[in-house]
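K.L.:
heads up, no residue letters with this:
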């Protein structure tokens with residue numbers, strides 16, 4: 001029987017700003033990617049793998065794939081909860097899933113992003129192996145048994 005995929009979850013809140021809405025008064029669809037990033041950064045700050053943490057080890061993690069599935073609209077002034085779920089992978093990448101809920105706890109959007117490790121920031125050398133700092137982080141949070 002295959003083992004269950006390991007996940008780490010963090011929730012954070014964002015308040016919808018006026019500038020994020022369209023002429024209909026609802027959040028423009030492209031801004032949900034920004035909410036994903038807000039959730040991912042909050043996750044990273046709490047768990048020690050933020051963009052700044054990655055940078056100090058000489059890595060960046062550009063997004064190579066993203067998807068969204070819109071269910072209900074958010075509006076100016078709404079307070080949304082972003083549930084950010086780290087999906088463990090044996091590859092040298094980070095996969096996050098997202099669930100965004102409105103203040104009535106209704107699911108408004110889901111999505112996923114995949115990021116790869118790039119060495120020597122600015123030079124774009126793709127890392128094919130899991131960076132040591134990331135492997136150590138996975139061990140620390142219980143994703144690796146080694």
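P.N.:
Received the coordinates, thanks. What you are looking at is a predicted structure, and each value in this text was computed from that prediction instead of being measured. Residues are numbered from 1 along each chain as shown.

K.L.:
Over to residue 83: give its phi and psi.
P.N.:
Taking degrees, to the nearest 10, you get phi -100, psi 120 for the backbone angles of residue 83.

K.L.:
I'd like to know how many residues surround it.
P.N.:
Neighbourhood size, residue 83 [other Cβ atoms under 10 Å]: 17. The way it works is simple: take the backbone N, C-alpha and C, and place the C-beta from them, glycine included.

K.L.:
Ok, residue 130 next?
P.N.:
For residue 130, the tally of surrounding residues (other Cβ under 10 Å) stands at 18.

K.L.:
so who does it touch?
P.N.:
91, 92, 117, 138 (Cβ atoms under 8 Å, 6 or more residues apart in numbering).

K.L.:
Can you tell me the SS state at it?
P.N.:
coil (DSSP: H, G, I helix; E, B strand; the rest coil).

K.L.:
Relative to residue 46, how far out is it?
P.N.:
21 Å (Cβ to Cβ, to the nearest Å).

K.L.:
State the mean pLDDT of the host helix or strand of residue 45.
P.N.:
Here residue 45, judged by DSSP states H and E, is contained in helix 31-47. Taken as a whole, helix 31-47 carries a mean pLDDT of 97.

K.L.:
who touches stretch 42-54?
P.N.:
So stretch 42-54 is in contact with 8, 10, 12, 41, 60-61, 82, 84, 86, 94, 96, 117, 133-134, 137, 140-141, going by Cβ under 8 Å, 6+ apart.

K.L.:
what's the most distant pair in the contacts of residue 130?
P.N.:
The largest distance within the contacts of residue 130, taken as Cβ to Cβ, falls between 117 and 138 and amounts to 12.9 Å.

K.L.:
out of these two, which sits in the more crowded spot?
P.N.:
The residue with more neighbours, out of residue 117 and residue 138, is residue 117; 24 against 21, by other Cβ under 10 Å.

K.L.:
Pull up the per-residue confidence for the residue lying closest to the more buried one once chain neighbours are set aside.
P.N.:
Nearest non-adjacent residue to residue 117, counting by Cβ to Cβ, 6 or more residues apart in numbering: residue 127, 3.9 Å away. You'll see residue 127 listed with a pLDDT of 87.

K.L.:
so where's this protein shaky on pLDDT?
P.N.:
Scanning the chain for pLDDT under 70 picks out 1-5, 121-122, 146.
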